[in-house]
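In: fold the following and give me the result.
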Amino acid sequence: MFKEAQKYFLLVCVLFAVTTFCSSIIQLVIQEKRYDSNTHILLRGAICTLGVGFICLFRTVRLQNKLLQECVHYIVSLLLILLFIFCLSFFVEIGEKPPYPIFALNYTTVYAIIAVGLYFNEKKKCKDKKQ
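Out: Got it, this is the predicted structure:
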């Protein structure tokens with residue numbers, strides 16, 4: 001249990017660091033913004049934590065078809081994160097424009113990268129077991 005918690009925490013930290021780094025580059029280079037709000041950074045941390053939590057939770061739910069499993073995991077987790085953002089928007093200003101398309105695009109990109117990484121990691125483990 002402690003090892004799983006360590007893995008979870010490490011994945012949240014790595015994901016948060018990478019997304020913050022990429023966001024900072026985009027804001028500085030492309031959007032030419034020189035500042036970022038603390039709310040935005042905390043929201044990114046919450047979404048990283050939720051996303052990694054969904055990945056850990058969904059790894060326990062297995063379906064026969066791997067593609068169907070990933071599609072169900074992605075759709076359910078994206079809908080729950082969008083619901084989280086919707087509920088949060090009653091208390092915190094999220095932005096001038098509706099944030100849902102941007103969050104969906106960002107979440108899809110990160111989810112795809114993690115799913116591919118986990119897929120190749122699983123494949124490697126299966127290959128190692130056969131040898």
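
In: number of residues surrounding the closest residue in space to residue 4 that isn't next to it in sequence?
Out: Of all residues not flanking residue 4 in the chain, residue 56 sits nearest, at 7.4 Å (CB to CB, 6 or more residues apart in numbering). (Glycine included, C-beta is placed from N, CA and C.) Look at residue 56: counted by other CB atoms under 10 Å, it has 15 neighbours.

In: check residue 7 too.
Out: Neighbour count of residue 7, defined by other CB under 10 Å: 12.

In: tell me, what's the model's pLDDT at it?
Out: pLDDT for residue 7: 78.

In: and it, how far from residue 121?
Out: Distance, residue 7 to residue 121, using CB to CB, to the nearest Å: 12 Å.

In: and for residue 109?
Out: From residue 109 to residue 121 the distance is 19 Å (CB to CB).

In: related to what we said a few turns ago, Three-state assignment for the residue nearest to residue 4, please.
Out: Assigned by DSSP: H, G, I helix; E, B strand; the rest coil, the conformation of residue 56 is helix.

In: just the buried positions in the helix ranked longest in the chain, please.
Out: Longest helix in the chain, counting residues (DSSP state H): helix 100-130. Using 16 or more other CB atoms under 10 Å as the test for burial, helix 100-130 gives 103, 106, 107, 110, 111.

In: now for that helix, which elements pack on it?
Out: helix 2-25, helix 38-58, helix 66-88 (3 or more CB pairs under 8 Å, 6 or more residues apart in numbering; DSSP states H and E).

In: would you mind finding the most buried of these?
Out: Mean neighbour count (mean count of other CB atoms under 10 Å) peaks for helix 38-58 among those, with a mean of 16.
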